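[1] Give me a 3D structure for the following:
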Amino acid sequence: MAGAKATAGKDESWGSFLRFCLLVILAALAFRSFVFSLFVIPSESMLPGLMDGDYLAAAKWPYGYSRHSLPLDAPLIPGRIFAHTPARGDVVIFKHPVDDTDYIKRVVALPGETVEVREGQVFIDGTPIRRERVPDVLVPMSANTDCAWGGRIVDVPAAGMACRYTAYRETMPNGRSYVTFDFGETPQDDFGPVTVPEGRLFLMGDNRDNSQDSRFPDVAGGGVGFVPLERVVGRAEALVWSTDGSARWFLPWTWFTAARWNRIGETL
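    This is a model prediction of the structure:
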């Protein structure tokens, strides 16, 4: 009898442990699906605000939920619930309309608005978004951040090599302000005018001449066209980690030396 009781107690302990693990997994999935999720920036299309190697927290609730909010796009939510339209100037994470890859861009024009770009100047319903020249921005060069053709390599004393970019500050009618890069005259500096269809968004990267965005047709691995609202999965909120790409898994101390400590905690 004593042996049977011991076995029963052991089985109950294992059952309790497995139930606890299951609850932890479910809680983590629920948090990721409905509260916050982490995303990594894989390109330079959102410079200077976001750099390759940045890890950001994205809020999942501001725009509502769809199947794209769930892990593996599980088809458990019909349509979109608690839906809200993003505000101009929001930085949003969304699923590419063709290949379902996670992309990140800035909301420039909303459904029903007419958008046009003339010589790099953005117009909404015929009114120019305020744009003013600001001092050049220096972006430190590293293993994951090169100097694009529009930049100029400079040697910064005590800091190393950096890339100098021409910068402009845009200010939306709602007061949202951010810095963009301009490499000079390029074909994408002139676009439209086009009217954003209902249920869709016009998005642009802040690194204007190095961004495949709504100015380009939606093709796998390229432009995104007009992005359906139901494909927006979150709003970028803050940087939780940033690495310059020099870390090596088998050299643990490089995880810290590669960190861009000054960027961690920045809000977007």
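
[2] which residues of this protein fall in helices?
    Ranges of helices in the chain, per DSSP state H, are 2-34, 254-257.

[3] tell me what the shortest one is packed against?
    Contact partners of helix 254-257 among helices and strands, from 3 or more CB pairs under 8 Å, 6 or more residues apart in numbering; DSSP states H and E: none. The C-beta positions use only the backbone N, C-alpha and C, and glycine is treated the same way.

[4] pretty sure residue 97 contacts residue 229?
    No. With contacts defined as CB atoms under 8 Å, residue 97 does not count as touching residue 229, sitting 11.5 Å away.

[5] which secondary element of the protein has the worst mean pLDDT?
    helix 2-34 (a mean of 66; mean pLDDT, DSSP states H and E).

[6] Show the model's pLDDT score for residue 156.
    Looking at residue 156, its pLDDT reads 89.

[7] Local confidence estimate at the residue nearest the centre of the chain?
    By CA atoms, centre = their mean, the chain has its centre lying nearest to residue 104, at 3.4 Å. Residue 104 carries a pLDDT value of 95.

[8] what's the nearest residue to residue 182 once chain neighbours are set aside in contact with, if anything?
    Distances taken as CB to CB, 6 or more residues apart in numbering place residue 166 nearest to residue 182, at 5.1 Å, with adjacent residues excluded. Applying CB atoms under 8 Å, 6 or more residues apart in numbering to residue 166 gives the contacts 136, 150, 181, 182, 183, 184.

[9] would you turn those into CSV with distance to residue 206 and neighbour count?
    As requested, the contacts of residue 166 are exported to CSV (distance: CB to CB, whole Å; neighbours: other CB atoms under 10 Å):
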residue, distance to residue 206, neighbour count
136, 15, 14
150, 13, 18
181, 7, 26
182, 10, 19
183, 13, 17
184, 16, 10
